[in-house]
Structure formats: C-alpha cells, structure tokens
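# What shape does this take:
(one chain, ligands or ions: 1)
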Amino acid sequence: MRVDIGNALDEVATPGIPEDALDRLDSRVADAHERIAEGRAAHEHGYESLNLPETVDTGAIREAVEPFQGSESIINVGIGGSALGSATLSSALESDVDAYYLDNVDPEWIERLLEEIDLSSTAVNVVSRSGTTAETLSNFLVVQQAMEDEGVDWAERTWVTTGESGNLRDLADKHDLPSLKVPDGVPGRFSVLSTVGLASAALQGHDIDAIVEGARDAERSLSGSLYDSPAYAYGAIAHALDIRGAGVNAMMPYSESLETFAEWYAQLWAESLGKDGLGQTPVRALGATDQHSQLQLYRAGPHDKMVTFVQVADRDDVAIPETDLEGLSYLGGSSLGELIDAEFEATEASLAAADVPNVRIEIDRVDEYNLGNLLYNMKAATVMAGELYGIDTYVQPAVEWGKKAARGLLGGGDFEEADAVAEKNVFEIE
Ligand SMILES: O=P(O)(O)OC[C@H]1O[C@](O)(CO)[C@@H](O)[C@@H]1O
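Residues are numbered from 1 along each chain as shown. Coordinates of the predicted model:
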C-alpha cells in the first residue's frame, strides 16, 4: 500500500496541514508507535490485533474447514466485525463457491435468501465473538429450521467461530459442532486476519497464506515515523485533518470489488474512534459511481470533510468498441480501465481545485496479498489514530444501550432502557 498525502497539505486544501506541522506530527507518531509496540509486546487487549500475522494458524484454519470442502456455497451468519472482514475478502476475490452473509434480521430478505440457496449443498459458518448477539443467534436458529424443513442435517454442515463461553459456545458443545476460537485480545472489527475472516475465505479456495503474507509485509513497514510508514501516515493525517475541521471522511475506492472494504472500514473507523465526543464520521462511497451522486456535495458543500481514494494500479481490462457516433469517438478504441483511471484522476484533481482535502491510497492489484496488506495497514492506521485522539480504541460501550432496550422489549429481562423506548416524544405528521 502506498499513501499520497500531497492533497491534504494546506497549500492545496482547506482544512489542510501545513507542511511544517508534519515534523511535529511525526514526533507524536514516534511516541505513539512506542506505546503500540509496548502494547503488542505485552499482548494487551486491542494491540494484540496487530500481532495476528504472527499468531494466526492458517494450517489449523484449513484443517477446520476441510470437512466442508465440496460445498457449493457458504452461509456466513454473523454481524459487524464477525461478518464485514470475511465479506470484504469474499466480495473482492473470485470463487466458484458462493458466499452469503446473513448480517441483518430483515425477515423478508432472510426468507428470500434461504429460498434461493440450495441448503443441501451449503456449509454454515456462525461467527460471534461474544456468542450472545441476538441477530446472529436468531438467524442461526432460523437457518437450522430451514435446513430441517428441507431434511438437511444442519449439524453436519455447520462450524462455529466464537469465544470460550456464551450461548453460541453452549450450542456448539450441545451439538458437538466443529469450532474455531476467536483470537484473545482482538476486538471483532480488528479480527479479519484471524479465524473470524479467514475460515470462509479458505473454504472459498482463497490463498489465506498470501493474505497473511501481505499483512506481514504491512507489519514490517510499521516504524516510528509517518515518513516511511503508510499506515501511520494515513492514521495521523486523517486525525490531523479532523481536528482542523474535516469531521467527515468519505472512503471512495475506485474498484467495484472494494465496495465492501469501504463498509468494513466504516465500522473499524467509527466504532474505534467514536468516543468522548471525538471521532471522524466515515462515509462509504464508490468510484466512479458516486461521482454522479455525492461529488456535488463533496466539492461544493461545507468544507467539513476529507475524501480517501483507493486506487488500483493494475487490473484486467475491457475494451470500448470503436464507434463513429457523433461525440463518442473519443471513447471508442480506449478501454473501461482507461476510463475509470481518467475519472479517478479527474475527480482527485477536481477536489484539489475546490480546496477539498483528499488522500490517495494505492494498491497494486485486488488479490490476496494486496488485500491482506491493505486490511492490516488500515487496522494499524486506526490504532495510530486512536493513540492521537487519546481514546480507548478497543471498546464500544455506546452500543450496549440499544441492545438492552431491544432485549427488554422482547421480554429478555428488565431494562430501564426498554422503558425509555415507551417514553418517545411523538410528533407525527402524515
Ligand atoms: O461478534 P459479536 O460478539 O457477535 O459482535 C458483533 C459486533 O457487534 C458489536 O459488538 C457491536 O454491537 C461489534 O463490536 C461486533 O463486531
């Protein structure tokens, strides 16, 4: 991964970072890197996620999914960090094995999906770090029922990935289901390069060693300076732009196969940094598509945002046929790859021309190695940004209120949060 911060400097952008502030920022990065190295050496919660290239056992993962080889599809039941990393790999890489992600509880969507899938030739991967997430466990019970209704032995086709304890662990023990353990000290949103993200990828035939090798090389690039560590440069620059007013960060990959990556990044960035009144709001965008929906706002709206582009240097291409149609001949004979690259460079320049800060992230190709490298670098960037914000990057206490309220509404216990739901201030207009 390469990072170009030229369009984030104040000679181009507003807000922008004065070049002479980079050295000051760099000394903060050096201090933060020391803290991160300490946390990693001590296997502290959260920091441990940067040790995954060393700790993950890809052989054990392949062995665990071996019994499911030959499956025509995989149903991944999990939500948030227990789905988005795996979904990022699955949607970016080609496979003959289809992967479905049940990461929501919309009944009509779930029903349609289960009707679409041949349940007799599918494997089921249930992932929950806590083992208590209502959406995941409910969907798993629904999948079980759907398989039973089809006369399919779900226990034969299921493996779970979870912690030492919890409802899912109890369920796995009760039915003697094969299981993988979530890594200790690694919050869900940081767990893609572990059993959580790599098991389904292995069953889809992806080279998980290449993914981990990409991550390992990213790890090797971590140093005490933003001038030679793309991950730390990205984390530090995004933080520096936020405290100067760019409170929104639009993640805009110029690759359809990286659309889910933007979703994964949004959880990582929001749930890690959104604390104590701080944090930069991630927005998921896609290039070139959102040039035709969001760009007007990015260029001519409030100067409260930065844009992060992800550009792919090398990709397969499709020729645009020659045409003598008036006004179109300039396109004929070129290719979609040339077009999307021109669109990318033009959009990047259009933001600079409007003084909107933007950063370019570039990867060589969308393949296992580069995905592992990109995912690890974005994790390290988040860890760095968390240090600079001075917040606890690895917890997410604010999500618990809603969970208690929902549980209370469903009769799952007495929670004052559920009472507060009934006190909604209603002012309806219809
Ligand atoms: O893996 P689990 O414990 O089911 O949690 C799923 C997701 O829900 C959250 O806890 C937020 O509610 C995320 O942090 C996590 O990735």
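# Look up the closest residue to the residue most central in space within the chain, ignoring the ones flanking it.
In the chain, the residue lying closest to the centroid (CA atoms, centre = their mean) is residue 264, at 1.5 Å. Excluding the flanking residues, the one nearest residue 264 by CB to CB, 6 or more residues apart in numbering is residue 84, at 4.1 Å. For glycine as for every other residue, the C-beta is placed from the backbone atoms N, C-alpha and C.
# Would you map the helices across the stretch 301-430 of the chain?
Secondary structure of the stretch 301-430 of the chain by DSSP state H, counting those that start in this stretch: the helices cover 336-353, 368-389, 400-409, 416-422.
# Using a markdown table, lay out these together with mean neighbour count, mean pLDDT and distance to residue 249.
Formatted as a markdown table, the helices of the stretch 301-430 of the chain follow (neighbours: other CB atoms under 10 Å; pLDDT from 0 to 100; distance: least, CB to CB, whole Å):
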| stretch | mean neighbour count | mean pLDDT | distance to residue 249 |
| --- | --- | --- | --- |
| helix 336-353 | 16 | 98 | 13 |
| helix 368-389 | 25 | 98 | 10 |
| helix 400-409 | 15 | 98 | 24 |
| helix 416-422 | 13 | 95 | 30 |
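# mind checking which of those is nearest the ligand?
Closest to the ligand of the helices of the stretch 301-430 of the chain, according to CB to the nearest ligand atom: helix 400-409, at 6.7 Å.
# In CSV, could you pull the C-alpha coordinates for the closest one?
Only the C-alpha atoms of helix 400-409 are listed here, as CSV (Å, rounded to 0.1, in the frame of the first residue of the first chain):
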residue,chain,number,x,y,z
GLU,A,400,-25.0,-1.6,24.7
TRP,A,401,-27.9,0.8,25.5
GLY,A,402,-29.8,-0.2,22.4
LYS,A,403,-29.1,-3.9,22.9
LYS,A,404,-30.6,-3.7,26.4
ALA,A,405,-33.6,-1.8,25.2
ALA,A,406,-34.3,-4.3,22.4
ARG,A,407,-33.8,-7.2,24.8
GLY,A,408,-36.2,-5.6,27.3
LEU,A,409,-38.8,-5.0,24.6
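# Now render the helices of the stretch 301-430 of the chain as CSV, adding distance to residue 28.
As requested, those are exported to CSV (distance: least, CB to CB, whole Å):
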stretch, distance to residue 28
helix 336-353, 26
helix 368-389, 6
helix 400-409, 32
helix 416-422, 38
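# Can you give the distance from stretch 368-380 to the centre of its chain?
11 Å (CA atoms, centre = their mean, to the nearest Å).
# Ok, stretch 311-319 next?
Distance of stretch 311-319 from the chain centroid (CA atoms, centre = their mean) equals 22 Å.
# Can you name the residues in contact with that stretch?
Surrounding stretch 311-319, the residues in contact under the criterion CB atoms under 8 Å, 6 or more residues apart in numbering are 254-255, 258, 333-338, 341, 344, 360-366.
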